[in-house]
Structures are given as C-alpha cells and as structure tokens.
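S.K.: Provide a 3D model corresponding to the input given below.
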Amino acid sequence: MQRAITLFSLLICMGITLTGCIYRPPVQQGNVITDKDLGALHKGMTKTKVESLLGTPVLTNMYADNRLVYVYTFKKGHHKMHSTRLIVYLRDNRVVSFWTDKNQPSDRVILPHP
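M.R.: Modelled structure (predicted):
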C-alpha cells in the first residue's frame, strides 16, 4: 500500500512539473518577403504586378490608396518576435519608391521622396 501511495505521489508531481513545459508552436503571419521578390520590385511597376509578385498587402488604408504596406512577423516559442516591413509608394498606380527594414544592400532600397 505504501508503495502505491509513493508511486501515485510521484506521478502527480511529474504531471505538475511537466505542465510548466508548454510547447509553443512557431507563428508566422503576413507576407513572406524574399530577396528575390525585392530584387524583382522596381520603379514603374503597376499596382497589379506588385500584388501578383508580393500578394495582397496586409494593411490597407482606404483614404490613402497610394501606399501598399506588407508586414511579416515570426515568433518561435518563447523567443522574441521578428518582423519585416515593406512599404511601396505609388503614383498613378505605378511604383515610385519603396522602403524596407530588411537588411539589404543600399542600392536595392529606394527611400520615398516627400
């Protein structure tokens, strides 16, 4: 009887201890922005070509349709969340400039003109 109580207590303690080891699956949200996609993005592209290349923008502003905002976030387990943003500026439905916070060679990143 004493052995059964000890075994039961040990199983209860193990169960309580293991509940603190919660698995958190990696979470990806938004549009994946690859170097290949950034290399294909250039001035003069139409809005429809940009959307076919990068997908539908994550953020849409109905009052400022001259800007496409793409955001990608990734969080793995208990680690810090990483995010990448790409903002494409349009004039007359054509790309005039774009900005990204992804580490790219400086010749690929075109800063917006005010």
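
S.K.: what pairs with residue 28 across the strands?
M.R.: residue 74 (DSSP bridges).

S.K.: residue contacts, the closest residue to residue 100 other than its chain neighbours?
M.R.: Closest residue to residue 100 apart from its sequence neighbours, by CB to CB, 6 or more residues apart in numbering: residue 86 at 4.5 Å. To be clear about C-beta, it is placed using only N, CA and C from the backbone, and glycine gets the same treatment. Residue 86 is in contact with 31, 33, 38, 54, 69-71, 98-100, 102, counting by CB atoms under 8 Å, 6 or more residues apart in numbering.

S.K.: What is the lowest-pLDDT residue among the residues you listed?
M.R.: Ranked by pLDDT, the contacts of residue 86 bottom out at residue 102 (73).

S.K.: SS state for that residue?
M.R.: With DSSP: H, G, I helix; E, B strand; the rest coil as the basis, residue 102 sits in coil.

S.K.: and residue 76, what is it in contact with?
M.R.: For residue 76, the residues meeting the contact criterion (CB under 8 Å, 6+ apart) are residue 26.

S.K.: how close does it get to residue 67?
M.R.: 30 Å (CB to CB, to the nearest Å).
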